[in-house]
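Asks: Give me coordinates for this.
(2 chains)
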Amino acid sequence: KQEVTQIPAALSVPEGENLVLNCSFTDSAIYNLQWFRQDPGKGLTSLLLIQSSQREQTSGRLNASLDKSSGRSTLYIAASQPGDSATYLCAGEGGGKLIFGQGTELSVKP
Amino acid sequence: GAVVSQHPSWVICKSGTSVKIECRSLDFQATTMFWYRQFPKQSLMLMATSNEGSKATYEQGVEKDKFLINHASLTLSTLTVTSAHPEDSSFYICSALEGHTNTGELFFGEGSRLTVL
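Replies: Next comes the predicted model:
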C-alpha cells in the first residue's frame, strides 16, 4: 500500500532563503508525482508534475525532482517570498489513485 | 491550465438534510473525476473515483449510500451527501483528469466547505 510522507510538517524561513521540501513514498511503482500548493480554506493548485519517465521539472523559482529508486521527491524553492506561504502537498499516483502526503506548512517571513 | 469549478463554495445545512456539490470541468472533457475530503490540518483523503457513464468506485470505509456520486457527462460530476450529520462537516474537493492529453495531470476544484449543524 502506497504511503506518502512529507518532512518537515512545518517550516518558517526569512524572505529570500532557498529551501527544500521533502516527500518520500513507500512504493517505487509510483507512476506520477505531483506537487501542489494549498492556501488556507482553498483548493489545490498544481505546481509541478513529474511523469514516470522524468526526473525533474522546473517552473520559475520551483524545481522538483523525483528519484523512484530511493522513493523520494524534493521541491526546491529559490529566493522565497512571503507570497510563497502556504501548505505544500506532494501526491503520488499509483494503481490509478493519487495518494497525498500530510503536507508541509511553509511560512516565509518578510 | 485547465479549470475545474466547484459549486457551492460553502454550504451550511441542518442535520438530516441532503446536500449536492457539483464539479465541472470548464474547458476540457474529464472521463475520470475524483472526490476527496479534507479535515482540518489533515491531508486529502480519496473518497471515490468517478468515471463518466459508470458507477463510482468507492474507497474502503466510504459509504456509497451516504455519498452518492453521479458522473452523467464528460464535464460534470456531482457528490450528494445524504442525510448529513455534523461528522460529515468537512472540506470536499474534486479533481478531474484531462482525458485527451493523457498526461496524468489532475486539476482541482476550489473545494466546497460543508458545515452540518
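Asks: contacting residues around A:S70?
Replies: Listed by Cβ atoms under 8 Å, 6 or more residues apart in numbering or on different chains, the contact set of A:S70 is empty. Every C-beta, even on glycine, is put in place using the N, C-alpha and C of the backbone.
Asks: quick one: secondary structure of it?
Replies: The three-state label given to A:S70 by DSSP: H, G, I helix; E, B strand; the rest coil is coil.
Asks: Tell me how far it lies from chain B.
Replies: For A:S70, the distance to chain B (Cβ to the nearest Cβ, to the nearest Å) stands at 21 Å.
Asks: and if you look at A:S12?
Replies: 16 Å.
Asks: my guess is A:R72 meets A:T26, correct?
Replies: No. At 11.1 Å, A:R72 does not count as touching A:T26 under the criterion of Cβ atoms under 8 Å.
Asks: all strands of the chain, in order?
Replies: Using chain A here. With DSSP state E, the ranges of strands along chain A come out as A:4-7, A:10-14, A:19-25, A:32-38, A:44-50, A:56-59, A:62-67, A:72-77, A:86-94, A:97-100, A:104-109.
Asks: Please refer instead to chain B.
Replies: Using DSSP E, the strands of chain B run over residues B:4-7, B:10-13, B:19-25, B:30-38, B:45-51, B:57-58, B:67-73, B:76-81, B:90-98, B:106-108, B:112-116.
Asks: hmm, stretch B:36-49 touching chain A?
Replies: Yes. Contact between stretch B:36-49 and chain A, assessed by Cβ under 8 Å from any Cβ of the partner chain, occurs at B:Q42, B:S43, B:L44, B:M45, B:L46, B:T49.
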